[in-house]
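[1] Give me the fold of what follows.
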Amino acid sequence: MRILQIVGRFDFGGAENHVRELCNHQAALGQQVYLLSQRGRQMHLLSNHVNYIQLPKFASKLLFFHVAVIVFIILTKRINIIHAHQRLPIISACIAGWMTRTSVIATVHGRTKHDLRSILSQRLLKQIIFVSNRVMENSKNYNSIRHKSIVIPNGIPLPITQPQIEPFTIGYFSRIDKRHFETIKLIINAIIKLKGKHYNIKLKIYGEGEEVDNLKHLIEDTNIRYNDRFIIYSGLIENLEFLDTFPELVVGVGRVAIESLARGSNLLSANNKRMGEVITTQNFQFYSSNNFVNVDGVAPTESIILTTLSNYYLNRTSYKVHSEKISKLIQENFSISKTTTMLNEIYHKALTESR
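    Residues are numbered from 1 along each chain as shown. Next comes the predicted model:
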């Protein structure tokens, strides 16, 4: 099977990381995989067996040029199936697929109203993959696309070795933009109030973005004020396998959640819009079916974060038991090999129906 994967740019991000690992795993299975995107910093992590095709930066937002490039690739490489990610690649792939009678699959990594804004995309796609059950069911046009919609989580390469867990350390892995910076400030304020009872709490922050300089200033000022280097900025980590140790508790959702739980960490489900709970075996099914987002939650506040962290540290032993069980569940259900197998079944079904 000749597969064309398309993503906007090959930089670090949830969708881009997933595409890289999907391409690498498909190629390892002997499939001919082509990746079309703008050049980005993930290039050195892409397998040599994946055929990379660079989309010129000047043409990245030009729909008709994008379509022309895809049509050219389909015809010259004899592509059997297209798998598109993100809004412009999806609409471009749909048009190119319609012109060449090639089946197109799409994964919605973010909001449906953004990724599937075009009615043309909704009509022409052979299958639509969601990573969250609630996002799928709350789609504005769900009734018209439900017959070709399915939830498949973004699988991860399972850890080769389990890292050592750092006691009393909280981890935050993300793009450091304005929204995440505001959430980080709430966490820092909550930790400051907790240190009276739990003096050895630390916060490690991983990532990069436009707010990194402001974050560094905040960290330096806070550490000096309390005469304690309890907030640490560790920069961008390209591959979590590089970490020998891992935070005991990670704050996040989506891919960060899956990666952390697989490594035996506890997880506090939270982003800038939705505050959730620490994941346990009791609430695992709800969170895992919604990309580890509390879809019924409200925006986090310092007070809610403080209360949640206080409860966590009072029940650390109990949560550790949960984390060990959940790590096994993640490894059984969220591996990239399982995701790839499910996608291959969808590809074959689309090809069969198009004949």
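
[2] Could you pull up phi and psi at Arg175?
    phi -70, psi 130 (degrees, to the nearest 10).

[3] got it, and Thr301?
    phi -130, psi 160.

[4] Burial check on it, number of neighbours?
    13 (other CB atoms under 10 Å). Glycine gets a C-beta too; all of them are placed from N, C-alpha and C.

[5] wouldn't it be in contact with Thr183 here?
    No. At 10.5 Å, Thr301 does not count as touching Thr183 under the criterion of CB atoms under 8 Å.

[6] any low-confidence regions in this structure?
    Across the chain, the ranges flagged by pLDDT under 70 are 60, 355.

[7] quick one: the strands in it?
    Counting by DSSP state E, the chain has strands at residues 2-9, 32-38, 51-54, 81-85, 103-108, 127-130, 149-151, 164-173, 202-206, 231-233, 245-252, 266-270, 275-278.

[8] And the residue sitting furthest away from the middle of the chain, how far from Leu218?
    In terms of distance from the mean C-alpha position of the chain, Asn227 ranks first, at 35.7 Å (CA atoms, centre = their mean). Look at Asn227 and Leu218: by CB to CB, to the nearest Å, they are 16 Å apart.

[9] Next: Ile305.
    Taken as CB to CB, the span from Ile305 to Leu218 is 16 Å.

[10] same check, this time on Ala68
    In terms of CB to CB, Ala68 sits 47 Å off from Leu218.

[11] Which residues does the closest residue to Ile79 other than its chain neighbours form beta bridges with?
    If the residues on either side of it in the chain are set aside, Ile79 comes closest to Leu4, at 4.6 Å by CB to CB, 6 or more residues apart in numbering. For Leu4, the beta-bridge partners are Tyr34, Ile82 (DSSP bridges).

[12] count of neighbours near Leu4?
    Neighbours of Leu4 (other CB under 10 Å): 26.

[13] give the contact list for it.
    Residues counted as contacts of Leu4 (CB atoms under 8 Å, 6 or more residues apart in numbering) are Tyr34, Leu35, Leu36, Ile70, Ile73, Ile74, Lys77, Ile79, Ile81, Ile82, His83, Ala93.

[14] Wait, Leu215 touches Asp177, no?
    No. Using CB under 8 Å, Leu215 is not in contact with Asp177, being 10.5 Å away.

[15] list the buried ones in stretch 317-330?
    The neighbour-count check on stretch 317-330 (16 or more other CB atoms under 10 Å) flags Tyr319, His322, Ser323, Ile326, Ser327, Ile330 as buried.

[16] So which residues make contact with it?
    With CB under 8 Å, 6+ apart, stretch 317-330 has contacts from 258, 261-266, 278-281, 284, 288, 312.

[17] Excluding chain neighbours, what is closest to Asn214?
    In space, Asn214 is closest to Phe181, 6.5 Å off (CB to CB, 6+ apart).

[18] And Cys94, by the same measure?
    Nearest non-adjacent residue to Cys94 (CB to CB, 6+ apart): Leu124, at 4.1 Å.

[19] those helices in the stretch 51-200 of the chain, which residues are they?
    63-77, 87-100, 112-115, 119-124, 133-137, 142-145, 178-194 (DSSP state H, counting those that start in this stretch).
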